[in-house]
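Trainee: Build me a model from this:
(chains A and B)
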Protein chains: 2
Amino acid sequence: MGSAGLDRVLEPQGVLPQAAWRLDASPAIGPDEVRIRVQRLNLDAASYRQLAEKHGGDGARIRAEVLEIVGTRGKMHNPVTGSGGMLIGVVDEVGPESPLPVQPGDRVATLVSLTLTPLRITDGLAGWDGRSEQVPAEGTAILFGRSIVGVLPDDLPPELALAVYDVCGAPALVDRVVRGYREPAVLVLGGAGKSGSLALAAAKRAGARTRAVVVSAQERDALHEAGLADEIAVADARNPVAVAEAAGEGADVTVVCVDVPGCEHGAILATAPGGTVIFFSMATSFAAAALGAEGLAADVTMLIGNGYVPGHAEFAVGLLRSTPGVRALFEARLAAD
Amino acid sequence: MGSAGLDRVLEPQGVLPQAAWRLDASPAIGPDEVRIRVQRLNLDAASYRQLAEKHGGDGARIRAEVLEIVGTRGKMHNPVTGSGGMLIGVVDEVGPESPLPVQPGDRVATLVSLTLTPLRITDGLAGWDGRSEQVPAEGTAILFGRSIVGVLPDDLPPELALAVYDVCGAPALVDRVVRGYREPAVLVLGGAGKSGSLALAAAKRAGARTRAVVVSAQERDALHEAGLADEIAVADARNPVAVAEAAGEGADVTVVCVDVPGCEHGAILATAPGGTVIFFSMATSFAAAALGAEGLAADVTMLIGNGYVPGHAEFAVGLLRSTPGVRALFEARLAAD
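Mentor: The predicted structure follows:
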């Protein structure tokens, strides 16, 4: 159990690092730990959105709150959204008992959430204007024995790999679920986003008919260009009636990739009896989903999107490499950041 | 879509009744609605616990807050827990276009949550001391075309049937999931409670080996007497290390029936790779589950416990009738309320 990072938990005692209010982020490592020299944080979309909305887009105040969260909690764990993100850096020191397949000098991305990663920032985030989810940063982070870390591919820019790794659980789980149905219809809410476009690509590769709901004509055009969805509807994913209409006959698998609250009911209404809803958005409300399905007498399986599926990082990078449309959407998004 | 109750939503417009802040609870019915003369509410356990803790067990203040919630929202939808409960009553009037199989005079229980049921209370809850989840009440409730309602069985006391119906989604979903594994080991957190004991009985009937985690020696003894679990451990379900130890080799299916926050990580740690966690507690945090599994690199399927599975009410009542241990636990719990 030491390998899950229990020794780093300061308060409350006895919980796992993700549940802890405060972690010990000191840079000295234990025998099965790894220290990373941080280069860049990638904030979770829901977390960044909450901070940006709270501070009216004022970059200096957003930056100050990120520094305050990390300083107080010893990790970048947004207390409102409960979400974190991930980071990129260089392996600095590897404990003698670490099971992780890395060596000092490797450039890596952490594939576990920042909500459980001890983090110390030493440059006051001086290189960040607070206006983007991608945060240049100096400092140190700690990985435990039971962490997941990916060495960055040589053939992709690190920012691109990081953006893919951030959502790499989604396409792997979509692949697994979709293959459980015969000739399924798959609906992705938020299909033009990072997890959404990878989910569509995974569904298409698995043989599904694909539909997407996007929020604007601009996103519709970009997604059309990418060639990932057989049909695309522009609708507010929080409007159950509009989403159900976009779904047509009812989807066998509905994938929620929209990082705003209130998308549960539309996803449930859009799903055919016997179908599956996969919730990847951290803005999902457990109670709204559970009670919504009951209230609609909907016989659907509802999955909490687990960010870990064995082989997920390689699977997602493979989709990006082999699907020009996905790569184009990611690159456009990074350029706009 | 009228049958999902959209016409009853006052604010915000365009959402489903469960997501609404306020419903129109007026007693005049539309063509596909049914009006119930309310006799008793059964508050969701998480909701009642939150109210009781907030008011230090002061029954008068608990009652006042329930009245305030219903008066403000037009439904018994606890704004903190997001949960409701269910009710019992007599069918008063059936709209000419209602698809529900009931007639005036039928004694029924609603099998959809109170969080989406328009409710008006007319007696000030004068018959309730505020000290129990079971609330004698007079007033009216409205069912939509897409609601679920169960006529109360003749051979069971109504309080007993209501308590079973309240959690009847749990055993039906456990049955479905457990039958997807060969000779599975099933772990139930909160095995001595209502949903927990029915989940254990369903797992046992489906051929599983059963383990339970309970909170006290008293619960252990009661559950041992009921004969539903092959092994029983006394542990705090919020302590991941203790839960994982109780699980032994790792469960194929872990069922969370403990209505307190913070049980996600223990359930994930206790589940074997390839296993399934079913979360039935309304106190479950979506983010804690999603990020916890990722942070532990746990390849487990996580289900949001859908309160609706076709035939769930009959299945649960059948388990109660055929399993004396379950019935004894329910009767003891009702007697203690």
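
Trainee: helix/strand/coil for A:Ala287?
Mentor: Three-state assignment for A:Ala287 (DSSP: H, G, I helix; E, B strand; the rest coil): helix.

Trainee: Can you tell me how far the one residue in the stretch 1-150 of chain A that gets nearest to chain B is from B:Leu291?
Mentor: Residue of the stretch 1-150 of chain A nearest chain B, by CB to the nearest CB: A:Gly82 (3.5 Å). C-beta coordinates here come from the backbone N, C-alpha and C atoms, glycine included. For A:Gly82, the distance to B:Leu291 equals 7 Å [CB to CB, to the nearest Å].

Trainee: that older thread, quickly note the distance from the residue of the stretch 1-150 of chain A closest to chain B to A:Ala233.
Mentor: Taking CB to CB, one finds A:Gly82 at 30 Å from A:Ala233.

Trainee: again, but for A:Phe144
Mentor: In terms of CB to CB, A:Phe144 sits 43 Å off from A:Ala233.

Trainee: who's more crowded, the two?
Mentor: Ranked by neighbour count (other CB atoms under 10 Å in any protein chain shown), A:Phe144 and A:Ala233 place A:Phe144 first, with 28 against 18.

Trainee: check contacts around the spatially closest residue to the more buried one that is not a sequence neighbour.
Mentor: Spatial nearest neighbour of A:Phe144, excluding adjacent residues (CB to CB, 6 or more residues apart in numbering or on different chains): A:Gly5 at 4.0 Å. Contact analysis of A:Gly5 by CB atoms under 8 Å, 6 or more residues apart in numbering or on different chains lists A:Leu16, A:Pro17, A:Leu23, A:Leu116, A:Pro118, A:Ile142, A:Phe144, A:Arg146, A:Ser147.

Trainee: now what about stretch A:240-254, what contacts it?
Mentor: A:174, A:177-178, A:181, A:184-189, A:203, A:208, A:211, A:213, A:231, A:233, A:235-237, A:263, A:265-278, B:1, B:6, B:14-16.

Trainee: go again using 6 Å as the cut-off
Mentor: A:177-178, A:181, A:184-187, A:213, A:233, A:235-237, A:265-267, A:269-272, A:275-277, B:1, B:16 (CB atoms under 6 Å, 6 or more residues apart in numbering or on different chains).

Trainee: got it, and stretch A:74-85?
Mentor: Applying CB under 6 Å, 6+ apart, the set of residues contacting stretch A:74-85 from outside is A:22-23, A:25, A:42-44, A:46-47, A:50, A:70, A:113-115, A:117-119, A:282, B:287.

Trainee: Now that stretch: buried residues?
Mentor: For stretch A:74-85, a neighbour-count test (16 or more other CB atoms under 10 Å in any protein chain shown) marks A:Gly74, A:Lys75, A:Met76, A:His77, A:Asn78, A:Thr81, A:Gly82, A:Ser83, A:Gly84, A:Gly85 as buried.

Trainee: Need these in TSV (columns: pLDDT and secondary structure).
Mentor: Shown next, in TSV, are the buried residues of stretch A:74-85 (pLDDT from 0 to 100; DSSP: H, G, I helix; E, B strand; the rest coil):
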residue	pLDDT	secondary structure
A:Gly74	98	coil
A:Lys75	98	coil
A:Met76	98	coil
A:His77	97	coil
A:Asn78	96	coil
A:Thr81	90	coil
A:Gly82	90	coil
A:Ser83	90	coil
A:Gly84	93	coil
A:Gly85	91	strand
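
Trainee: Which of those sits closest to A:Pro324?
Mentor: A:Pro324 has its nearest neighbour among the buried residues of stretch A:74-85 in A:Gly85, at 26.7 Å by CB to CB.

Trainee: what about the closest one, distance to A:Arg40?
Mentor: Distance, A:Gly85 to A:Arg40, using CB to CB: 10 Å.

Trainee: Next up, phi/psi of the residue nearest to A:Phe144, please.
Mentor: phi 90, psi 20 (degrees, to the nearest 10).
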